[in-house]
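>>> Next come a sequence and a model predicted from it.
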Amino acid sequence: MGKYGAMLLKLGDRGPEVVEVQKLLSLLGYDLIIDGEFGPRSKRSVTAFQKRASLPNTGEVDDTTFNALKLSQTRKSEETAGPRPPAGYPFPVNGQYRLNPNQYIKQVFEKTQIFLHFTAGGPSAKNVIDYWNSDEPQIATPYVIDGNSAVIYECYSPDYWSYHLGIKGTKGRLDKASIGIETCAYGPLTEKGGKFYAWPNDYSTVVIPKERVYNLERDFRGHHNYEAFTNEQIGSLEILLDFLIPKYGIKIQGSFDYTWFDYNERVIANTAPGIWSHTTVRKDKFDLYPDSRVLDMLNRLAAKYHRP
């Protein structure tokens, strides 16, 4: 009997079981939104997986399909994760690409916050880690989510810390008490002649496909368009947060709305616990841009973990 007993998930169903199946499908590369609703896109993804797994193409999730999803995820973990990071994750994490020992501080502090970033660069997590290893020391995060595969990379243990926030006058107080997660994306874009350009060479050479452009209803910090995270990246981010929140006892906020992206001096002054954006503590940063999918994901986690 599978995790959900004899339950059959089908078109129109909703709930945490659907979220779990959507997460597994997303990590396997299927294009769907993790929203807890078993809609047409989820059914198409299930059917496509069933065809690949030589299962009856029902588009519904029974015990057999669910167990096949779990098995496929285990195999993907073995193929992509490389050497296991010390924490022992219950999902695929690539621990092969590590920071040099001088690139982070091997001190353990209580973790009360998680800060979300984007890399302001290309899709390769490996390139991000290589850059950190060649740049000035101790500016990094323990996690990077790849832009092509959405694989989670751990480059040093989240028990330790580095200067990932860059807040002047705090002597790393928030850096020590927080875990940073970088998601690969260029960030703000400029439109010229119907094309969308990222920042390198003064917004002149790197063109982002239109299907990867997130168009905001109003400008955010001077920009109307940003390179969008993939649904798979957001799925990986949710899985990682779902692991870190209980592991480190993070006291997550009760709800998330668009004000969450705004600068908030209280977070700096009081080391307010919870999950925050880099924009919360830096007026000059763009990460994260206001993405409704990110808010939906954070609110699902709030419903699961918030305690008044």
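Cool, the structure landed.
>>> contacts, neighbours, all on C-alpha from now
OK.
>>> Low-confidence ranges, this structure, go.
For the chain, the stretches with pLDDT under 70 are 1-7, 73-87.
>>> rerun at 50
1-5, 78-79, 81-86 (pLDDT under 50).
>>> host element of the residue most central in space within it?
Among the residues of the chain, the one closest to the centroid is Leu237, at 2.4 Å (CA atoms, centre = their mean). Using DSSP states H and E, Leu237 maps to helix 231-248.
>>> Any buried residues in that helix, and which?
231-242, 245, 248 (16 or more other CA atoms under 10 Å).
>>> what's the farthest-apart pair in those?
Pairwise distances across these (CA to CA) peak at 25.6 Å, for the pair Asn231 and Tyr248.
>>> sorry, back to before: tell me how many other residues surround the residue lying closest to the residue nearest to the centre of the chain once chain neighbours are set aside.
Nearest residue to Leu237, sequence neighbours excluded (CA to CA, 6 or more residues apart in numbering): Ile145, at 7.5 Å. Neighbourhood size, Ile145 [other CA atoms under 10 Å]: 30.
>>> Repeat that for Ser26.
Residues near Ser26, counting by other CA under 10 Å: 23.
>>> measure the residue nearest to the centre of the chain to Glu17 for me?
18 Å (CA to CA, to the nearest Å).
>>> Same question for Ala302.
17 Å.
>>> what does Phe118 give?
The value you get for Phe118 to Glu17, if CA to CA is used, is 29 Å.
>>> Comparing these two, which shows the higher neighbour count?
More crowded of Phe118 and Glu17, by other CA under 10 Å: Phe118, with 21 against 17.
>>> got the domain boundaries for this structure?
16-80, 93-185+229-305, 188-227 (automatic domain parsing).
>>> how about those domains, which one is nearest Leu8?
domain 16-80 (4.9 Å).
>>> coming back round to it: over to the residue nearest to Leu237: give its phi and psi.
The phi/psi pair for Ile145 (degrees, to the nearest 10) reads phi -100, psi 120.
>>> give me the beta-bridge partners of it?
Ile152, Thr183 (DSSP bridges).
>>> ranges for the strands of the protein?
93-94, 113-118, 143-145, 152-154, 178-183, 188-192, 195-197, 207-208, 213-220, 223-227, 274-277 (DSSP state E).
>>> in its sheet, what does the last one sit against?
Sheet pairing for strand 274-277, assigned by DSSP bridges, gives strand 113-118 (parallel).
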